[in-house]
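here is the input, now give the coordinates:
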Amino acid sequence: MKSKTIEILTNAMNGGYAVGAFNTFNLEMTQGIVRAARDLNKPCIIQATPSTFRYAGCQAIGRVVRGVIETESDPGLVGFHLDHGKNLDDVMCAIEEAKMDSVMIDASLMSLEENIRITTRVVKFAHEKGVAVQAELGKVPYIGREEQAIDWDKLMTEPEEARELVEKTGVDALAVGIGNAHGFFQERSEPDWERLAKIRELVPNTPLIMHGASDWSKEKIQKAIEIGVSCFNIDTDNRVAFVTSICKSIGPKCDVTDPRKILEPARQAVYEKVKEKIEMFNGLKVEPKDNVGNVNNQTKYSLSDTEE
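So this is what the prediction gives:
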């Protein structure tokens, strides 16, 4: 088994560009995402959360996503990833039932020591199955769920801790916090670019992931790629596109009786949004620096080592 996701991320890191990781919940969103990548012939990652497992069934959503990837895209173009797994049960479900090739273990609410302990355990389990692992350090808040002011200094990733976590766990990718937030909500007025640059300096060979980037401007995206971000997670943008299209199709009379007349435009709306994001991420390519994001075509997680 090969991890398409880590290959996609490593190529982006070495190539000086970024890819999108897009959340899905059903068949139509999956088709919109995969078809956009296929038509552009550009790589992307499709991902699902444990809450989507609970909604659709772990095996079921796995079969849907893998079926669409296998029948509607070229081999190696789309990775399949677990977003925000919280425990080993989530990871086992993703690997053994959904057959994902990459998982995220989000122990960011724990102490550094506990995060390292949990992540190390997941890395050992996943790597034995040929599956890549993303960790998170620092906290990317869901601001829309809270009214109180955010103390950003307490949430952002400490660069030295990032190096310690990567070195001790052997994790393949790292999600970081520099003032970003999930959803279309108030973020830090300006991301902490100096912090991001220091993380990149101390963790030069590990792809960096930016969560909560749905509403980031092109200028912010460009700056993050220049510093060394390899992937942007996109969820809220796709949800809004999908639901807005459904509301428009139903209309005030709610007289539509054929679900396809509602779902087909919603699928197309996701397609257009994903296509827009992929074109932007790939179009902002920069020359990778020698000591930032350049591992001289060597990765600590060789694809040849993942064969079972």
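
okay, strands next: where are they in the stretch 51-200 of the chain?
78-85, 102-105, 132-137, 173-176 (DSSP state E, counting those that start in this stretch).

how about the closest residue to residue 177 other than its chain neighbours, what does it touch?
Excluding its sequence neighbours, the residue lying closest to residue 177 (CB to CB, 6 or more residues apart in numbering) is residue 138, at 3.0 Å. In short, each C-beta sits where N, CA and C put it, glycine included. Applying CB atoms under 8 Å, 6 or more residues apart in numbering to residue 138 gives the contacts 108, 155, 156, 157, 158, 176, 177, 178.

how about the residues you listed in JSON lines, adding neighbour count, distance to residue 268 and pLDDT?
As requested, the contacts of residue 138 are arranged in JSON lines below (neighbours: other CB atoms under 10 Å; distance: CB to CB, whole Å; pLDDT from 0 to 100):
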{"residue": "108", "neighbour count": "20", "distance to residue 268": "35", "pLDDT": "91"}
{"residue": "155", "neighbour count": "18", "distance to residue 268": "37", "pLDDT": "73"}
{"residue": "156", "neighbour count": "23", "distance to residue 268": "38", "pLDDT": "89"}
{"residue": "157", "neighbour count": "26", "distance to residue 268": "37", "pLDDT": "94"}
{"residue": "158", "neighbour count": "17", "distance to residue 268": "43", "pLDDT": "95"}
{"residue": "176", "neighbour count": "27", "distance to residue 268": "33", "pLDDT": "94"}
{"residue": "177", "neighbour count": "27", "distance to residue 268": "34", "pLDDT": "90"}
{"residue": "178", "neighbour count": "26", "distance to residue 268": "34", "pLDDT": "90"}
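
and the furthest pair within the residues you listed?
108 and 178 (13.4 Å; CB to CB).

which other helices and strands contact the longest helix along the chain?
Criterion DSSP state H: the longest helix present in the chain is helix 259-283. The contact analysis (3 or more CB pairs under 8 Å, 6 or more residues apart in numbering; DSSP states H and E) places helix 259-283 against strand 19-23, helix 27-40, helix 218-227, strand 229-234, helix 236-250.

buried stuff in it?
262-263, 265-271, 273-275, 277-278, 280-282 (16 or more other CB atoms under 10 Å).

what does that helix contact?
With CB under 8 Å, 6+ apart as the test, helix 259-283 has contacts from 17-20, 22, 28-29, 31-33, 35-37, 39-40, 42, 44, 218, 221, 225, 232, 234, 237-238, 241-246, 248-250, 256.

show me which of those residues are buried.
Burial by neighbour count, judged by 16+ other CB under 10 Å, picks out 17-20, 22, 28-29, 31-33, 35-37, 42, 44, 221, 225, 232, 234, 237-238, 241-242, 245-246, 249 from the contacts of helix 259-283.
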